[in-house]
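K.L.:
Just to be clear, the model below is a prediction. Sequence and coordinates:
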Amino acid sequence: MKKVKFGVIGYGQRGSGMTQRILLGMSDVEVIGVCDYYEDRTQQAMDDVEKACGKRPFGSTNYMDILNMEALDAVMIATSWETHVPFAIEALNKGIAVAMEVCGAYNIDSIWELVRTQERTGTPFMFLENCCFGKTELLGTSFVRNGLLGELVHAHGAYAHHLCYEIATGEKHRHYRLRNYLLRNCDNYPTHELGPIAKALNINRGNQMLSLVSVGSKSVGMADYVNRNADKFPELVGKTWQQSDIVNTLITCADGSTISLCLDTTLPRSYSRQFTLRGTGGYYEQDTNLLYRYGDREYWDTERFYRDFAGSAAKLEEDYLPDIWKTITQADLDAGHGGMDGLEMRAFVNALKANKEMPIDVYDGASWMAISALSEASIKQGGAPQVIPDFTNGMWTVRKPKDVVDLPIVNK
């Protein structure tokens, strides 16, 4: 396969960004079909591809028209959250490799259908969780693989991002967050934080998530924001918002470790994924790029501790950072989410061309997406435990650990 012939389904903010900044810059990719529910976006996609490549792609507002293209090798699905899984199933059934953007699941049955379709067809599938390729996430995981943190006991992550403006402009910008915040209450976006944690803990590959409990706070952040900006969003004044301002989820794993997740998107704050790994040998903290190890000086003074240790992990990058981050170019860094977008799409294309296992497979995507539907059920039941399905059907016990990229092993 010299060039991967791509179709793009969904040309909103995510689909257009990935196409313009990533796909159209890849010499071994040719975008031959584009689609969006909205005609103007479809036309924009066709114009963008033609401008970049000199050849106008086929365009349609019907995703099946793209999937029916005979020459298509792969498709990127970047539509609304509700349509990711059904569109992916259609593509897999047609033998078209799928690169599916992240989302949280609406029900468990749909995820099982996705898994069984991929197993039955054997069609390549990759879940596009770009944070698994993040520099600090991979650095922390490299510390784990090299034993610097000892035995992992607990990991924490969050999707902490003040999104009130984006949510409130959902109708204007024609995206999906608004209806989710009005109608649902769950951890609606768990995979940015959970994906890297699951990889570090070898979930689906020697370890398994067993159950979760979720609790949600009151929901007042969006109403407060809308009231403060009533002149801009008069149609939202007085609306009832179902989504909790803070959702906390605690997950238990087969090896006895635990995972805590937090959705925090409607109260004032800075952006953070809070990727944190705790083990018997020390801990890694993403927000401060801090590595603290057993035997280091103990502190009573928190401020002094952070003055002494903040940024300490950077000193070990030469040995423990994977090569893809040592050789990354400025153009790669500028292409999307600080370089993560290009790295994940390159990984998908390389695996597809070489007919190799996808670095984030259908079992990963299934178990991570399931958190949304299960957290919704748990919150409705007052924090009642929910069983996390084993989408591998027992194969997690024999599947070998595999990171999304090769991590350096120091002092073999």
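P.N.:
Thanks, I have the structure now.
K.L.:
so V75 touches V8, yeah?
P.N.:
Yes. Assessed by C-beta atoms under 8 Å, V75 is found in contact with V8 at 7.4 Å. All C-beta atoms are positioned from the backbone trio N, CA, C, and that covers glycine.
K.L.:
which residues are common contacts for these two?
P.N.:
I66 (C-beta atoms under 8 Å, 6 or more residues apart in numbering).
K.L.:
Got the domain ranges for the chain?
P.N.:
Listed domain ranges for the chain are 4-130, 132-324+362-397 (source: automatic domain parsing).
K.L.:
Where does pLDDT dip in this protein?
P.N.:
Along the chain, the model assigns pLDDT under 70 to residues 1, 412.
K.L.:
List the contacts of the spatially closest residue to Q208 that is not a sequence neighbour.
P.N.:
Computed as C-beta to C-beta, 6 or more residues apart in numbering, the closest residue to Q208 that is not its neighbour in sequence is A254, at 4.3 Å. By C-beta under 8 Å, 6+ apart, the contact set of A254 is N207, Q208, M209, L210, W396.
K.L.:
Can you tell me which of those are buried?
P.N.:
N207, Q208, M209, W396 (16 or more other C-beta atoms under 10 Å).
K.L.:
can you name the two of those residues that are farthest apart?
P.N.:
M209 and W396 (9.6 Å; C-beta to C-beta).
K.L.:
shared neighbours, the two?
P.N.:
Applying C-beta under 8 Å, 6+ apart, one finds that M209 and W396 are jointly contacted by I203, A254.
K.L.:
For M340, see how far away the closest residue to S372 other than its chain neighbours is.
P.N.:
Of all residues not flanking S372 in the chain, G104 sits nearest, at 2.7 Å (C-beta to C-beta, 6+ apart). Between G104 and M340 the computed distance is 19 Å (C-beta to C-beta, to the nearest Å).
K.L.:
what does T302 give?
P.N.:
31 Å.
K.L.:
Compare those two (neighbour count), which wins?
P.N.:
Neighbours per residue (other C-beta atoms under 10 Å) separate T302 from M340, with M340 holding more: 22 against 8.
K.L.:
Wait, a strand at that one?
P.N.:
No. According to DSSP: H, G, I helix; E, B strand; the rest coil, M340 belongs to no strand; its state is helix.
K.L.:
Looks like it contacts E129 (just checking).
P.N.:
No. Contact between M340 and E129 fails when scored by C-beta under 8 Å: they sit 9.3 Å apart.
K.L.:
Name the nearest residue to the residue nearest the centre of the chain, sequence neighbours excluded.
P.N.:
Centre of the chain computed as the mean C-alpha position; nearest residue by C-alpha atoms, centre = their mean is E129, 3.2 Å away. Nearest non-adjacent residue to E129, counting by C-beta to C-beta, 6+ apart: G195, 3.9 Å away.
K.L.:
wait, what's in contact with the one you found?
P.N.:
F127, E129, C131, C132, I360, D364, W368.
K.L.:
From those residues, list just the buried residues.
P.N.:
Using 16+ other C-beta under 10 Å, the buried ones in those are F127, E129, C131, C132, I360, D364, W368.
K.L.:
Spatially, which two of these are the most separated?
P.N.:
C131 and D364 (12.5 Å).
K.L.:
show me the contacts for the residue lying closest to G311 once chain neighbours are set aside.
P.N.:
With sequence-adjacent residues excluded and distances taken as C-beta to C-beta, 6+ apart, G311 is closest to N289, at 5.4 Å. Neighbouring residues of N289 by C-beta under 8 Å, 6+ apart: T136, L139, A310, G311, S312, A313, A314.
K.L.:
element containing the first one, please.
P.N.:
Element membership for T136 (DSSP states H and E) is helix 135-145.
K.L.:
Which residue ranges of the stretch 301-412 of the chain form strands?
P.N.:
Taking DSSP state E, counting those that start in this stretch, the strands of the stretch 301-412 of the chain run over residues 386-387.
K.L.:
tell me, how many neighbours does L24 end up with?
P.N.:
As a burial measure, L24 scores 18 neighbours (other C-beta under 10 Å).
K.L.:
What distance do you get for the closest residue to it other than its chain neighbours to M340?
P.N.:
Closest residue to L24 apart from its sequence neighbours, by C-beta to C-beta, 6+ apart: A52 at 4.2 Å. Separation of A52 from M340 (C-beta to C-beta): 22 Å.
K.L.:
So V213: helix, strand or coil?
P.N.:
strand.
K.L.:
What distance do you get for Y363 to D319?
P.N.:
With C-beta to C-beta as the criterion, Y363 and D319 are 31 Å apart.
K.L.:
higher neighbour count, those two?
P.N.:
The residue with more neighbours, out of Y363 and D319, is Y363; 23 against 11, by other C-beta under 10 Å.
K.L.:
ok, that one - contacts?
P.N.:
Contacts of Y363 (C-beta under 8 Å, 6+ apart): V115, N204, F391, T392, W396.
K.L.:
Of those, which belong to helices?
P.N.:
Among the contacts of Y363, DSSP state H puts V115 in helices.
K.L.:
now, among the contacts of Y363, which is nearest to L148?
P.N.:
So of those, ranked by how close each gets to L148 (C-beta to C-beta), first place is N204, at 23.6 Å.
K.L.:
ok, the closest one - contacts?
P.N.:
A198, Y363, D364, S367, F391, T392, W396, R399.
K.L.:
Apply 10 Å and report the result again.
P.N.:
198, 361-364, 366-368, 390-392, 395-396, 399, 401-402 (C-beta atoms under 10 Å, 6 or more residues apart in numbering).
K.L.:
cool, Q330 as well?
P.N.:
Applying C-beta under 10 Å, 6+ apart to Q330 gives the contacts G339.
K.L.:
let's number from 29 now, not from 1
P.N.:
Sounds good: first residue 29 from here, last item Q358.
K.L.:
and it, how far is that from K163?
P.N.:
For Q358, the distance to K163 - C-beta to C-beta - is 14 Å.
K.L.:
quick one: common contacting residues for C159 and D392?
P.N.:
Common neighbours of C159 and D392 (C-beta under 10 Å, 6+ apart) are T219, L222, G223, K227.
K.L.:
shouldn't T149 be in contact with E118?
P.N.:
No. T149 is beyond contact range of E118, at 11.2 Å (criterion: C-beta atoms under 10 Å).
K.L.:
shared neighbours of these two, anything?
P.N.:
Contacts common to T149 and E118, judged by C-beta under 10 Å, 6+ apart, are I124.
K.L.:
sorry, back to before: kindly indicate which of the contacts of A282 lies nearest L435.
P.N.:
L435 has its nearest neighbour among the contacts of A282 in N235, at 17.2 Å by C-beta to C-beta.
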